[in-house]
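Peer 1: can you look at this prediction? I've put the sequence above it.
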Amino acid sequence: MRKHEVWMWWLNSGCQCCVFTLPRGSPGVMDVLPISEQSSSLVVNYAPFTLLPSVVPSTIFEQAYAVQQDFNLLVDAISQNAEFLERTLASTIKVDNFTAHLFKIYKQVLKEGLAQSVFLGINRSDYMVDHGADGTPALKQIEINTIAASFGGLTSRTTAVHRHILNVLGKSKEASKLLDNNPCQGIALGIAKAWELYGSARAVVVFLVADTERNIFDQRCIENELWTRNIRVIRRRFEDVFEKASLDNDRRLYMEGQEVAVVYYREGYMPENYNKQNWEARLLIERSKAVKCPDIATQLAGTKKVQQELSQPGVMEKLLPSRAEAVARIRATFTGLYSLDMGEEGAKMVAMAIADPERYVLKPQREGGGNNLYGKELKQLLEKIKDSPERSSYILMDKITPQTSMNYLLRAHSPLKISECISELGFFGVYIRQGKDIVVNKHVGHLLRTKAVEHADGGVAAGVAVLDTPYVI
Ligand code: ADP
Ligand code: MG
């Protein structure tokens, strides 16, 4: 039988129900299971986390908090701007099949006319703290995740774990300074509000999930919050949608006979999630009246190409007219982002990156970690594709260099050793638009992930980063 590792928090007497699953087949992992469960396909381990919280300067934390509602508005504005999306992604979709497929569905849905009138965005903007030559810390955005932004569930438990550790260490004063954090509740409240605005008491929320779900209990935390509000949640795959979903004449979405108010995607952000039938299922959902979180336009708004285009002078000003302060707050978080589109400007940037590869990160239009190129690999790839339109499927970004700190990264079956680490801070945002009116615009919590400095790329899912808690001073 195929084994799946399951990660779980244990805190004091109660299981905190933080679980994360990974396909796993290594011998010995069954050791952690009680005898009665030896035939189970689940192998229980704790979720990886730092022994101690990591310091985040308060100015940085407050800046990231303050800009989140601006980012919510920006993403929402992009999702409604067909001209912007079409122009920005024009070169990318010629060479990147995955983005092209998403874009094709987007165009198809626009052509038919949107049936959906309530829009729900749940995003997470990620940052690192750049330490420039003069040592001043600066908040710099890594990316914004507009689909399947994860760890809102698990991280709602990490503060309690770190408080406990600090208390055990006799550091109760420090323990009391850790900020409360419950993105799980904020995300669930967003879904609940969208469900309510959809306006059908019998309708369900569908969590659209993978066949082999790698992060199930992160999702269950949110699901449980919805059940406590008497909102029914069902978990289904694209395959299920293809086989058992349909639209009625008003384009209401029905799944196994039940009307669907909200589809919350925790799947569908990478090419591997799709085959022909899954693409058809995606199109069916997008054509429907159900609230999609996100709708396909909002997913496209989260592409790296869009992020790069936003950094161009005047672009955000057009997207958010009469919001000069919001634009300034957003722009302050940008580091250098460069287009590699065909033409003189792109060629110049390719040459710069080949000459000094350590200064940059090369990013394709992918999500989920492990896709970016650095250093020698970046140089080799650019040398290969420098004269080909393929280069427009990537963007180039200045590499951010955070200050390191020492911590223990605790993972089941890993030896305990101190590591030199860097951290990535994320803020969760939730917004709802009804027709043209924004009815909810919130920041709902944060996430800190920490990894050993030798890993250039990769998050918690990739087995590189671990969950952390900011110690804000
Ligand atoms: P993904 O969509 O795959 O998560 P990201 O843009 O978040 O892509 O990049 C993945 C990881 O690579 C980040 O979590 C971060 O550790 C690292 N990274 C990305 N951009 C930069 C950058 N500009 N400077 C330093 N590290 C970066
Ligand atoms: Mg990322």
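Peer 2: Nice, I can see it. Because the structure is a prediction, the values reported are computed rather than measured. Ligands and ions are numbered 1, 2, ... in the order given.

Peer 1: OK, contacts around the residue nearest the centre of the chain?
Peer 2: Central residue of the chain (CA atoms, centre = their mean): residue 149, 2.9 Å from the mean position. For residue 149, the contacting residues are 122, 123, 124, 426, 428, by CB atoms under 8 Å, 6 or more residues apart in numbering. From N, CA and C alone the C-beta is placed, and that goes for glycine too.

Peer 1: can we see that at 10 Å?
Peer 2: Neighbouring residues of residue 149 by CB atoms under 10 Å, 6 or more residues apart in numbering: 121-126, 183, 187, 266, 269, 294, 302, 367, 426, 428-429, 447.

Peer 1: that one: which element?
Peer 2: Secondary structure from DSSP states H and E places residue 149 outside every helix and strand.

Peer 1: list phi and psi for it.
Peer 2: phi -60, psi 110 (degrees, to the nearest 10).

Peer 1: check residue 427 too.
Peer 2: Torsion angles at residue 427 (phi, psi; degrees, to the nearest 10) stand at phi -120, psi 130.

Peer 1: how far away is it from residue 465?
Peer 2: From residue 427 over to residue 465 the distance is 16 Å, taken as CB to CB, to the nearest Å.

Peer 1: what do you get for residue 186?
Peer 2: From residue 186 to residue 465 the distance is 22 Å (CB to CB).

Peer 1: which one's more surrounded, these two?
Peer 2: Between residue 186 and residue 465, residue 465 has the larger neighbour count (other CB atoms under 10 Å), namely 26 against 21.

Peer 1: now do the contacts for residue 73.
Peer 2: By CB under 10 Å, 6+ apart, residue 73 lies in contact with 121, 319, 320, 323, 326, 330, 429, 431, 433, 438, 441.

Peer 1: pretty sure it sits in a strand.
Peer 2: No - counting by DSSP: H, G, I helix; E, B strand; the rest coil, residue 73 is not part of a strand but helix.

Peer 1: now do the strands in the stretch 251-400 of the chain.
Peer 2: 253-255, 258-265, 291-293, 337-339, 360-364, 373-374, 394-398 (DSSP state E, counting those that start in this stretch).

Peer 1: ranking these by burial, who's on top?
Peer 2: Stretch with highest mean neighbour count among the strands of the stretch 251-400 of the chain: strand 291-293 (a mean of 28; mean count of other CB atoms under 10 Å).

Peer 1: got the contact list for that strand?
Peer 2: Strand 291-293 is contacted from outside by 109, 116-123, 146-148, 187, 190-191, 193-195, 197-198, 203, 205-206, 208, 253, 260-266, 282, 285-286, 298-299, 430, 432, using CB under 10 Å, 6+ apart.

Peer 1: buried subset of those, written for ChimeraX?
Peer 2: Buried subset of the contacts of strand 291-293, written as a ChimeraX selection, criterion 16 or more other CB atoms under 10 Å:
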select :109,116,118,119,120,121,122,123,146,147,148,187,190,191,193,194,195,197,198,203,205,206,208,253,260,261,262,263,264,265,266,282,285,286,298,299,430,432
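
Peer 1: list, one by one, the residues from this protein near ligand 1.
Peer 2: Residues of the chain lying close to ligand 1 by CB under 6 Å from any ligand atom are 126, 128, 142-143, 361, 363, 366-369, 371-372, 397, 399-400, 424, 457, 459.

Peer 1: and the buried ones among those residues, selectable in PyMOL?
Peer 2: Buried residues among those (16+ other CB under 10 Å), as a PyMOL selection:
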select buried, resi 126+128+142+143+361+363+366+367+368+371+372+397+399+400+424+457+459
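
Peer 1: residue 432 should be in a strand, yeah?
Peer 2: Yes - assessed with three-state DSSP, residue 432 lies in a strand.

Peer 1: ok, of the contacts of residue 73, which come out buried?
Peer 2: Listed as buried from those are 121, 319, 320, 323, 326, 330, 429, 431, 433, 441; burial here means 16+ other CB under 10 Å.

Peer 1: before we move on, which element is the residue of the stretch 1-150 of the chain found nearest ligand 1 in?
Peer 2: In the stretch 1-150 of the chain, the residue that lies nearest ligand 1 is residue 143 (3.9 Å; CB to the nearest ligand atom). Assessed by DSSP H and E, residue 143 sits inside strand 137-145.

Peer 1: lovely, talk soon.
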